[in-house]
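In: Kindly return the folded structure for what I paste below:
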Amino acid sequence: MKVVIVGGVAGGATAAARIRRLDEHADITVFEKSGYISYANCGLPYYIGGEIEDKEELTLQTPESFYARFRIDAKVRHEVTAIDPEKKTVTVKNLTTGDVFDETYDKLLVSTGAKPVKPNFEGADDERIFTLRNVEDTFRIKDYVTAASPEKAVVIGGGFIGIEVAENLRRLGIDVTLVEAAPQLMAPFDADMAAFIHAEVRAAGVELVLGGMVDGFETAGKSLGVRLKSGEVITADMAVMAIGVTPDTALAKAAGLKLGVKDSIVVNERMETSAKDVYAVGDAVQIKNFVTGKDTLISLAGPANKQGRIAADNICGRDSRYKGGQGSSVIKIFGLTAASTGINERTAKSEGIDADKVILSPMSHAGYYPGGRIMTMKVVFEKGTYRLLGAQIVGFEGVDKRIDVLATAIRAGMTATDLTELDLAYAPPYSSAKDPVNMAGFMAENIRNGLVKQWYYDDEPSLPRDGSVTLLDVRTADECRTGGMIEGFINIPVDELRDRMSEIARDKPVYVICQSGLRSYIAARILAGYGLKAYNFAGGYRYYAAVVNDRRCAERATACGKDAV
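Out: Numbers count the residues shown, from 1 in each chain. From the prediction side, this is the model:
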């Protein structure tokens, strides 16, 4: 069997190695148009900033090592320019010599990935403007930074690559302005959770411009001018465009393969395309969202690796199926860790899903053991069924652990209340006897059982201040004095509540808040015991203050101080 693979890196290289493990005698050739067959794509920004010092560490396999280990013929700087599914051939151009030749195949795997979005902005051909997608891009940026010693940089785009590039340029002492067209960074997160990300980015000295649409580039003396549609021009010594990626499928389109979302390649569960004996994997393909069942694109290394393995199985006569992705991801943002899985609340609403959520602020491990830090968790589920839809966590230690548990729970079809039953490892340095994931389940269970009703951040502006409801803050007096209070709320600490019930009208609903949501839940149960209808604020005052501060910062369009995460 002769197998040709177009493109290496996560999907193509994984498939090639798997095919060899399944078939010792297959003839396997990989054509990769860049100079690197397999590299640590996600590590590229960290080489720019010096976190990864040796550029050789970026290369996972060379053509020589690939051949020595797997007897796979990996040809770099060879671009496949055409596919003929009828003749079962590909046309290849050797980018070093210029030679063009045809190669036959029995099975073909397309792993062309995605390419950076680079709008046709005026002045975008300036040599000081970069994109980052492969090793060569990384070296260009690194060489420029080393040679030119830029003092100011503009990063355009607030996704994974944009934030990682901004962090690593700051690590080099460069003043960075991060421009994002949307009202928030990191689209997988809801706006309230993104507030914690914004606070960390601002605290690290990055000037954050949200809702900033780039209109073009211009020369500003010796500097580069980044022009926004608002008319503002940001001057810098360099710019990195990290607006996003789009499937690189011109080759597939020309070959007549069926295309889907954003011209991605349509594949079935076996990673088969519309053409016989042609498979496709990675950022170039359309997949199913595991939560919604809708067609989508997920440009992450994890799904690409899994798809490569599944395609290899099927190429070798096995029957493997890819059941969709849920976009599980984690990112380091300066000192912060942010992670998500499944869909967020915003997406759930846009899909017409009646969603609810719990928001909590647990410690990363037992509070009495030194070094614990607070994380903020948001778990989204479907009302009525309590089907888990997604989760977002922002914090420090232990964030990755909890998001992986929640990702597994979603994949297993668990409900939010099933989280109470998870038997998770506990020792004081690592967790609490009631793990944060269990706590999220307990909160959902309390909602299901009618033990608590919630009110939310978006409800606050419409809460009546005319005395028709009671607005109650149950933190300590010192907390309210130093941390501030929401207008119209009265302060009765939870430990004094039973003795001061005479101060609360018995015939009015009570909206309760505390620092994290725990004491206010206790207060709500006390109030319920006295026959009052009480609503507990989801997230606590700490969460409320972070969101309010973020919105004020955005309105002032200036750097703001860091809120506790």
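
In: Could you look up the SS state of Val154?
Out: Secondary structure state of Val154, per DSSP: H, G, I helix; E, B strand; the rest coil, is strand.

In: Likewise for the one 4 residues further on?
Out: Secondary structure of Gly158, reduced to three states by three-state DSSP: coil.

In: Please name the residues that touch it.
Out: Shown in contact with Gly158 (CB atoms under 8 Å, 6 or more residues apart in numbering): 178-180, 182, 184-186, 210. Just so you know, the C-beta spots here come from the backbone N, C-alpha and C atoms, and that holds for glycine as well.

In: Any chance of JSON lines for those, columns distance to Arg551, secondary structure and neighbour count?
Out: Formatted as JSON lines, these follow (distance: CB to CB, whole Å; DSSP: H, G, I helix; E, B strand; the rest coil; neighbours: other CB atoms under 10 Å):
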{"residue": "Leu178", "distance to Arg551": "18", "secondary structure": "strand", "neighbour count": "29"}
{"residue": "Val179", "distance to Arg551": "19", "secondary structure": "strand", "neighbour count": "25"}
{"residue": "Glu180", "distance to Arg551": "15", "secondary structure": "strand", "neighbour count": "25"}
{"residue": "Ala182", "distance to Arg551": "15", "secondary structure": "coil", "neighbour count": "16"}
{"residue": "Gln184", "distance to Arg551": "10", "secondary structure": "coil", "neighbour count": "21"}
{"residue": "Leu185", "distance to Arg551": "14", "secondary structure": "coil", "neighbour count": "24"}
{"residue": "Met186", "distance to Arg551": "16", "secondary structure": "coil", "neighbour count": "25"}
{"residue": "Leu210", "distance to Arg551": "10", "secondary structure": "strand", "neighbour count": "19"}
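
In: May I see the residues you listed organised as TSV, with distance to Ser328 added?
Out: Compiled in TSV, the contacts of Gly158 are given as follows (distance: CB to CB, whole Å):
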residue	distance to Ser328
Leu178	24
Val179	27
Glu180	23
Ala182	21
Gln184	20
Leu185	19
Met186	14
Leu210	25
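
In: with those in mind, which one is nearest to Gly35?
Out: Set against Gly35, the nearest of those by CB to CB is Leu178 (29.9 Å).

In: bridging residues for the closest one?
Out: Beta-bridge pairing of Leu178 under DSSP bridges involves Val155, Leu208.

In: In CSV, list the C-alpha atoms belonging to stretch 310-320.
Out: Taking C-alpha atoms only, stretch 310-320 is exported to CSV below (Å, rounded to 0.1, in the frame of the first residue of the first chain):
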residue,chain,number,x,y,z
ILE,A,310,-8.2,7.7,13.4
ALA,A,311,-7.5,8.4,9.7
ALA,A,312,-4.5,6.1,10.0
ASP,A,313,-6.6,3.3,11.5
ASN,A,314,-9.0,3.5,8.6
ILE,A,315,-6.3,3.7,6.0
CYS,A,316,-5.0,0.5,7.4
GLY,A,317,-8.4,-1.3,7.2
ARG,A,318,-9.6,-0.7,10.8
ASP,A,319,-12.8,1.0,11.8
SER,A,320,-12.1,4.0,14.0
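
In: in the protein, which spans are helices?
Out: Under the criterion DSSP state H, the chain contains helices at 9-22, 44-48, 63-70, 135-148, 160-171, 191-203, 250-254, 301-315, 345-350, 399-411, 436-448, 477-483, 518-529, 540-556.

In: closest one to Ser223 among these?
Out: Closest approach to Ser223 among these is made by helix 135-148 (11.7 Å; CB to CB).

In: Which positions within the closest one qualify as buried?
Out: For helix 135-148, a neighbour-count test (16 or more other CB atoms under 10 Å) marks 135, 137-139, 141-142, 144-145 as buried.

In: where does the chain dip in pLDDT?
Out: Across the chain, the ranges flagged by pLDDT under 70 are 557-565.

In: now for stretch 217-229, what's the gap between its first and last residues?
Out: Length of stretch 217-229, first residue to last, CA to CA, to the nearest Å: 11 Å.

In: If you count neighbours, what's buried in that stretch?
Out: For stretch 217-229, a neighbour-count test (16+ other CB under 10 Å) marks 217, 223-228 as buried.

In: show me the contacts for Lys434.
Out: Counted by CB under 8 Å, 6+ apart, Lys434 has contacts Phe442.

In: Which one of the helices of the chain lies nearest to Arg498?
Out: Smallest distance to Arg498 across the helices of the chain (CB to CB): 6.3 Å, for helix 518-529.

In: on that earlier part again, name the nearest of the buried residues of stretch 217-229 relative to Ala301.
Out: Closest approach between the buried residues of stretch 217-229 and Ala301, by CB to CB: Val226, at 29.8 Å.

In: is it true that the closest one touches Ile234?
Out: Yes. With contact defined as CB atoms under 8 Å, Val226 counts as touching Ile234 (4.5 Å).

In: Show which residue of this structure lies farthest from the average position.
Out: Ser502 (48.7 Å; CA atoms, centre = their mean).

In: any idea how far it is from Val145?
Out: Relative to Val145, Ser502 is positioned 67 Å away (CB to CB, to the nearest Å).

In: got it, and Val90?
Out: The gap separating Val90 from Val145 is 38 Å, by CB to CB.

In: With Tyr46 instead?
Out: In this view, Tyr46 and Val145 are 14 Å apart by CB to CB.

In: Could you do Arg171 as well?
Out: Counting by CB to CB, the gap between Arg171 and Val145 amounts to 11 Å.

In: And for Leu472?
Out: According to CB to CB, Leu472 and Val145 sit 54 Å apart.

In: Quick check, Leu472 in contact with Cys514.
Out: No. At 9.4 Å, Leu472 does not count as touching Cys514 under the criterion of CB under 8 Å.

In: Show me whatever sits in contact with both of those two.
Out: Common contact partners of Leu472 and Cys514 (CB under 8 Å, 6+ apart): Ala523.

In: Let me know how buried Asn549 is, in neighbour terms.
Out: Neighbour count for Asn549, taken as other CB atoms under 10 Å: 18.

In: ditto for the one 5 residues further on
Out: Neighbour count of Ala554, defined by other CB under 10 Å: 19.

In: Am I right that it is in contact with Glu180?
Out: No. With contact defined as CB under 8 Å, Ala554 does not count as touching Glu180 (10.8 Å).

In: what do the two both touch?
Out: The contact sets of Ala554 and Glu180 overlap at 210-211 (CB under 8 Å, 6+ apart).

In: who touches Ala409 in this structure?
Out: By CB under 8 Å, 6+ apart, Ala409 lies in contact with 388, 418-419, 422, 437.

In: ugh, typo on my part, it should be Asp263
Out: 246-247, 249, 253.

In: Which single one of the contacts of Gly158 is nearest to Tyr530?
Out: Distance to Tyr530 across those (CB to CB) is lowest for Gln184, with 41.0 Å.

In: Relative to Ala182, how far out is the residue nearest to the closest one when sequence neighbours are not counted?
Out: Leaving aside its sequence neighbours, Gln184 sits nearest to Ala194 (CB to CB, 6 or more residues apart in numbering; 4.1 Å). Ala194 sits at a distance of 9 Å from Ala182 (criterion: CB to CB).

In: Please apply the same query to Thr337.
Out: Thr337 is 22 Å from Ala182, by CB to CB.

In: what about stretch 273-292, start to end distance?
Out: 22 Å.

In: I'd like to know how many residues surround Val548.
Out: If we define neighbours as other CB under 10 Å, then Val548 has 17 of them.
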